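**Student:** Okay, here's the prediction I keep looking at, along with the sequence it came from:
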Amino acid sequence: MGFTPKVFETVAVAGGQKPGTSGLRKKTREFMGKGFLENFVQSVYNALLEDQADMVKGGTVVVSGDGRFFNKEAIQTIIKISVANGVSTIWIGKDGLLSTPAVSAVIRSRGKGNVPFGGFILSASHNPGGIDEDFGIKYNCENGGPAPEKVTDCIFKHTKEITSYKSFEEFTVTDISTVGTTTVEADGRTVNIEVFDAAEDHVAVLKECFDFPAIKKFVSRPDFTMVYDCMNGVQGPYATRIFIDELGLDATCILNGEPKEDFGGPTSAHHGHADPNLTHARALVEKMGLDKEGRKVGNGEGVPSFGAAADGDADRNMITGKQFFVSPSDSLAIIAANAKLLPCFKDGLKGCARSMPTSAALDKVAEVQGLKMYETPTGWKYFGNLMDSGSSYFPKGEKMTPFVCGEESFGTGSDHVREKDGMWAVLAWLQILTAKNEGKEKLVSVEDVVSEHWKTYGRNYYARYDYEGVSKEVAEKLMDGMKEKVKDTEKHSAEGFELQMSDNFRYVDPVDTTAPASENQGIRWIMKDGSRIIFRLSGTGVSGATIRMYLEKYVDAASDVSAHPFEKVRPLAERAMILSDMASLFPASKAGDKDSTGAKLGLAFEGNVCSPSIIT
């Protein structure tokens, strides 16, 4: 018989454990507390066993994470609970490491493909790691994508009702540091715990998307150099496998390539905050001859031709050229516009999508190329159904793949997996540069590619402003005030800011007709000239609320496309202060000040004009 499961009494966490935009995120010490992780994992199984018991019993599940503090201990707990709930096979990346896109690739393609019923991803994404920092967990379904709202709602319901969990506490610690299979007898079943090379499946999928030999030839040009900042997250092994082993680059092109539990901590250039943007990716930004606002620094001597960065779980990306920053919104639009240069899209795209706050640069491409275009709430789970339309999951839907999608928060991807994929975006850029440079003596640069795009489609000047750690009361007051204002669009128009529409964004899934509408997804103020002011509450923080404000100004190809974004969006910032009444709620005068709500401000007020700390 071997081991037998035991039932342990537990107490539900007050208010339940509600997953946010991308899973459940809390402080690490909270996850380490008695019953906290156990309650959530058991609640996932309780939800699955309601209507997928045949998949769970005797089934296969993936369990791995980004390597942050508590990752290895959490894996051991999930192994015991999974087996106790009937799982017979558990797949784990070596050392417990799998990037978020790699988990999706493993679910979809390892073995004969689509073997697991799902997977647990242990990550708080770009949030800092460490015992006093952040931890997270999310469940991905059998298609490799994040659980949809109807599943997370069911999980949340169970977290409020849970009174016990099952576990095989007799299990000794499973060795996850060595590739191989551990076999144990449990409750009359043979259980296999398989540890495998973390990079092999994801790299195999990426090699199906891109022409690695052609890229290898291009990056060997004497006038091309590149750097890639892993920010001490999980991407290190993948970067080594692709850039060094596959493309033949020198190991010095990789910055901060060693995965660390605290992502490098306070002594690292990024201060342990593995978030690939101009504020946090300081090693890359400095290397690429830029400042934190994306402006050129110095004469460019010795600056690499191409630079990129990944976040903690490697699903995000930042793209830079020599002294040139590419916004995520522009990056997405440029990949879509040049899709036929990518082997995976050689016959062209059928559809594309962006999150609502992301700039409308992609819309311009879709309009010109006749692509189906979708605007979704923030969260990769909303793209999954679009990519699965016409498949066995939604056989009555129209097939929309090949498909590309992205978010302003440095997330880009396609239908090769069901997660955003930082490495895919970087390889897409290298493939585009490879094609653009074919037969060219002088290097066609990243800046050249972007400038060509703007001259064709115009430019969407764009900036994002963050307020972090805001009290829930103040955040709700701000949003509730605007919810009332958007009901009367005409009343809030002003000279130079004539409104075409205003609303509280609501999304109805065009594929899954059984899914409830997603309400309260952000306040939109849309001008007649295409400019936009967006406010939304972020769902990726662990303490307090984060208010994000997005400003966008479109200019056509005949206009000035060379200005800095702040110069163009400044008037919109002034108008946003009026529409939101934000200045009265945040009486701070200096960036980084704490106001009366205790919020750490990501922007300052200078005569009611904002100075941003993060731009996208």
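**Tutor:** Arrived safely, thanks for sending.
**Student:** Count the neighbours of the residue lying closest to Cys344 once chain neighbours are set aside for me.
**Tutor:** Leaving aside its sequence neighbours, Cys344 sits nearest to Cys209 (CB to CB, 6 or more residues apart in numbering; 4.1 Å). Heads up, the C-betas are built off the backbone N, CA and C, glycines and all. Neighbours of Cys209 under the rule other CB atoms under 10 Å: 19.
**Student:** pretty sure Cys209 is in contact with Val417, am I right?
**Tutor:** No: when contacts are counted by CB atoms under 8 Å, Cys209 is not listed as touching Val417 (9.8 Å).
**Student:** Which neighbours do those two have in common?
**Tutor:** Trp424 (CB atoms under 8 Å, 6 or more residues apart in numbering).
**Student:** what's the distance between Thr152 and Thr21?
**Tutor:** Here the criterion is CB to CB, to the nearest Å. By it, Thr152 lies 10 Å from Thr21.
**Student:** right, I mislabeled it, should have said Glu185
**Tutor:** Distance from Glu185 to Thr21, counting by CB to CB: 41 Å.
**Student:** Who are the contact partners of Gly390?
**Tutor:** Shown here is Gly390, whose contacts under the criterion CB under 8 Å, 6+ apart are Gly397, Glu398, Lys399, Met400, Thr401.
**Student:** Please disregard the earlier target; I meant Lys381.
**Tutor:** Per CB under 8 Å, 6+ apart, neighbours of Lys381: Gly145, Pro146, Ala147, Pro148, Glu149.
**Student:** Name the spans of the protein whose pLDDT lies under the cut-off.
**Tutor:** Within the chain, the stretches with pLDDT under 70 are 1-2, 539-543, 587-616.
**Student:** Look up phi and psi at the closest residue to Phe410 other than its chain neighbours.
**Tutor:** Computed as CB to CB, 6+ apart, the closest residue to Phe410 that is not its neighbour in sequence is Arg316, at 4.2 Å. Note on Arg316: its backbone torsions stand at phi -100, psi 160 [degrees, to the nearest 10].
**Student:** what's the burial count for Arg316?
**Tutor:** Residues lying near Arg316 (other CB under 10 Å) number 29.
**Student:** same question, Gly370
**Tutor:** Neighbour tally, Gly370, other CB under 10 Å: 9.
**Student:** what about it, distance to Asp512?
**Tutor:** Distance from Gly370 to Asp512, by CB to CB: 25 Å.
**Student:** go on, Tyr550?
**Tutor:** Taking CB to CB, one finds Tyr550 at 27 Å from Asp512.
**Student:** same deal with Arg524?
**Tutor:** With CB to CB as the criterion, Arg524 and Asp512 are 23 Å apart.
**Student:** Could you do Asn114 as well?
**Tutor:** Taken as CB to CB, the span from Asn114 to Asp512 is 19 Å.
**Student:** Compare these two (neighbour count), which wins?
**Tutor:** Taking other CB under 10 Å, Asn114 and Asp512 do not tie; Asp512 has more neighbours (19 against 14).
**Student:** Can you point out the buried residues in stretch 360-370?
**Tutor:** Buried residues in stretch 360-370, counted by 16 or more other CB atoms under 10 Å: Ala360, Ala361, Leu362, Asp363, Lys364, Val365, Ala366.
**Student:** Reformat those residues as CSV; add secondary structure and distance to Glu452.
**Tutor:** Formatted as CSV, the buried residues of stretch 360-370 follow (DSSP: H, G, I helix; E, B strand; the rest coil; distance: CB to CB, whole Å):
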residue, secondary structure, distance to Glu452
Ala360, coil, 19
Ala361, helix, 14
Leu362, helix, 17
Asp363, helix, 19
Lys364, helix, 14
Val365, helix, 13
Ala366, helix, 18
